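Undergrad: Quick check, what structure comes out for this input:
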Amino acid sequence: MNVKPLADRVVVKPLEQEEEKRGGIIIPDTAKEKPEKGEIVAVGPGKLNDAGVRVALEVKKGDKVLFGKYAGTEIKVDGQEVMILREEDVLAIIE
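TA: All right, here's what the predicted structure looks like:
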């Protein structure tokens, strides 16, 4: 993947949610909610603070994270859908 995020941005590969079947009804892909879990595949160098010092990100490549439902920007890279988010849009790290 040739995407290098800038400042405090991260590139996240959304993880597929498990398909739920209730009463024998399969929900079509178009009606499914946007994934809110993902794996970080690239991180930016960090944001500059007021003193001009670069502040490192708390997340790192390989972390599995939760993010806001409508956060970030979806793009396609090498035929794969990924999202670019600000670090502040990441809600938690899943361990």
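Undergrad: And the residue nearest the centre of the chain, how far from residue 94?
TA: By Cα atoms, centre = their mean, the chain has its centre lying nearest to residue 12, at 3.2 Å. Residue 12 is 12 Å from residue 94, where distance means Cβ to Cβ, to the nearest Å. Every C-beta, even on glycine, is put in place using the N, C-alpha and C of the backbone.
Undergrad: who are the neighbours in contact with the residue nearest to residue 6 when sequence neighbours are not counted?
TA: Distances taken as Cβ to Cβ, 6 or more residues apart in numbering place residue 44 nearest to residue 6, at 5.2 Å, with adjacent residues excluded. Neighbour list for residue 44: 4-10, 57 [criterion: Cβ atoms under 8 Å, 6 or more residues apart in numbering].
Undergrad: still on that earlier bit, which neighbours do residue 12 and residue 94 share?
TA: residue 65.
Undergrad: hmm, back to that, among the contacts of residue 44, which ones are in strands?
TA: 9-10 (DSSP state E).
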